[in-house]
Structures are given as C-alpha cells and as structure tokens.
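In: Prediction below, plus the sequence it came from.
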Amino acid sequence: MIRIENVSFKHRATPILSDISLDIPKGGVVALIGPNGAGKSTLLSLVARLQPLQAGVISVDGLPVDTTPSRDLAKVLAILRQDTTIASRLRVRELVGFGRFPHGRGRLTQEDDAIVDAAVAQFDLTDLSDRFIETLSGGQRQRALVAMAFAQDTDYLLLDEPLNNLDMYYARALMRSLRSVADANGKTVVIVLHDINQASAHADRIVAMKSGRIIADGTPGEILTPDMLDTVFGFRMRVETIEGKPFALHQL
C-alpha cells in the first residue's frame, strides 16, 4: 500500500500541496486528474522521493520514502517523470534495459534480458528495439520510457502524463497495456492523466485534485458527473454513458 498522511509542500512561499492524505492499496489502476497546477505531478514526485518531504509522511509497503535506501525503494516503486532526459545514442533496447539497474547495477543476467524482452514486447517496441532514440518520434520515445519503467519490475508503477505525444491509437494501446499488467501481474499503476475519458475507460479509481487538495475520490461513475466535473475543472460538461462507462463530452 502507498500511504500518504498529512502531506503539504511549498515552493518557496507558494503552497503547492495542502494536507494531502490518501491510501492506495495494491493492485489496479488509479488515475490522478485535475486542472493544471493542481499538484498532481508534485504529489507523484514526493511519493517517488524526487523531491524531499517537507511535512507529513509517505510510505510504500511500510517503507518510509524519506529514509529508505534508494536501491531498496527502487525495487518496489518505479516512476516515469514528464521531463525525462535521455542520451540520443542509446538504442531502444538499451534504454529499456536501464530499468534493470536497481537489480544488477548494470550487469544484465539472463533473467534481466528476459524481462527486458517482455517489456519491449508489452509496449509494441520489438520492431524498434535496435533503433537509436534520436531517430524515434516523440510518441515512440514515450513508449520506450514507459517500457523502461515497467522493466524495473516493481509492484508500484507511477506514470506522470505518459500519454504525452501519443496519437489516439497508441494512447489507447498504452492504457490497455497498463490495464493488462495491473490485472495479469497484480501491479499498482498510479497515473496522472489530462484525458478524463481515458481515466474513465481504464481506471478503477479516480482521484481529483484542485489547488493542491484532493476534492474527490471514487469510481469513474462517481467522479464523471456534470456537477463533479464542474467543481474540478470549472465548467459543466455533458456526460454520456457508453457500455456502462461515463464519458465527458467536454468539447461541446
């Protein structure tokens, strides 16, 4: 379980998060939604210890994120940031192989190679595995980064806006892959999404944030209502139910 208790965070004098408490049990897909500046990415970065805790407590399976050795934390939790920088002369398979670094410190075993191959296949990168990163489109690069995080083979996978640069086909394919690994492998996927309909289609639970606070937490059916979406995003949306799932027609 990821347990977040009374977490607040400021950037200089500006409050970013205010008294956040949230439990995320093992298994399934949890989507974080909300307008720009809601604090979603900051919360994810604190869970992954990319920024130091200022107030409150965060633990992952009982391991305090602020005191657990980095190598131990990296074996239970992986994160894909928005702003990941990668060397252009790496090949795709080499990049995905970096996900195994916490386990073997760069020395890949046969088991590591098998996990990398599975990650490459899971995210439809087999035909691109020998390509240099610099030759890829933005969407292809994004899929390779997700595969690298997945190859870390942790129980918890944190993804910050992984649909960036993906077209409709690959956005749908990526969300289906994440749903599949959560169901088949018992993974816990926590994902920041701007596409609320992707959240509705694939997440078990949606946590809505605004102005550094959690203002709603529930199933897609509980969150995707005209009243709740108005509260979160500041305007009313028409919501239709298709095959039992709510979808917001926010373009209308």
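Out: Right, received. Where do you want to start?
In: Mind listing the strands the host helix or strand of Pro246 pairs with, and their directions?
Out: Using DSSP states H and E, Pro246 falls within strand 245-249. Here strand 245-249 has these sheet partners by DSSP bridges: strand 238-242 (antiparallel).
In: If you average the pLDDT over the partner strand, what comes out?
Out: Averaging pLDDT along strand 238-242 yields 97.
In: Sketch out the helices for this structure, chain order is fine.
Out: For the chain, the helices defined by DSSP state H cover 40-47, 70-73, 92-97, 101-104, 110-122, 138-151, 168-185, 196-202, 220-223, 226-233.
In: what would the ones you listed look like in CSV with distance to Glu5, mean neighbour count and mean pLDDT?
Out: Using the backbone N, CA and C atoms, a C-beta is placed for each residue, glycine as well. Listed next are those as CSV, based on distance: least, Cβ to Cβ, whole Å; neighbours: other Cβ atoms under 10 Å; pLDDT from 0 to 100:
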stretch, distance to Glu5, mean neighbour count, mean pLDDT
helix 40-47, 12, 23, 97
helix 70-73, 17, 13, 92
helix 92-97, 34, 23, 95
helix 101-104, 26, 16, 86
helix 110-122, 33, 17, 94
helix 138-151, 25, 22, 93
helix 168-185, 24, 16, 93
helix 196-202, 25, 22, 98
helix 220-223, 23, 18, 98
helix 226-233, 23, 16, 98
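In: thinking again about what came up before, could you list the buried residues of the strand holding Pro246?
Out: Within strand 245-249, the residues that count as buried by 16 or more other Cβ atoms under 10 Å are Pro246, Phe247, Ala248.
In: Could you measure from the nearest residue to Ser70 once chain neighbours are set aside over to Leu77?
Out: Spatial nearest neighbour of Ser70, excluding adjacent residues (Cβ to Cβ, 6 or more residues apart in numbering): Arg49 at 7.5 Å. Computed with Cβ to Cβ, to the nearest Å, the distance linking Arg49 and Leu77 is 9 Å.
In: ok, now Pro246?
Out: Pro246 is 30 Å from Leu77, where distance means Cβ to Cβ.
In: what does Gly244 give?
Out: Taking Cβ to Cβ as the measure, Gly244 falls 32 Å from Leu77.
In: Tell me which residues touch the nearest residue to Arg100 once chain neighbours are set aside, please.
Out: Distances taken as Cβ to Cβ, 6+ apart put Asp112 closest to Arg100, at 4.4 Å, once the chain neighbours are dropped. By Cβ atoms under 8 Å, 6 or more residues apart in numbering, Asp112 lies in contact with Gly97, Arg100, His103, Gly104.
In: Please say which of Arg49 and Leu77 ends up with more neighbours.
Out: More crowded of Arg49 and Leu77, by other Cβ atoms under 10 Å: Leu77, with 24 against 20.
In: what sits against that one?
Out: Val47, Ala48, Val60, Thr154, Asp155, Tyr156, Leu157, Leu158.
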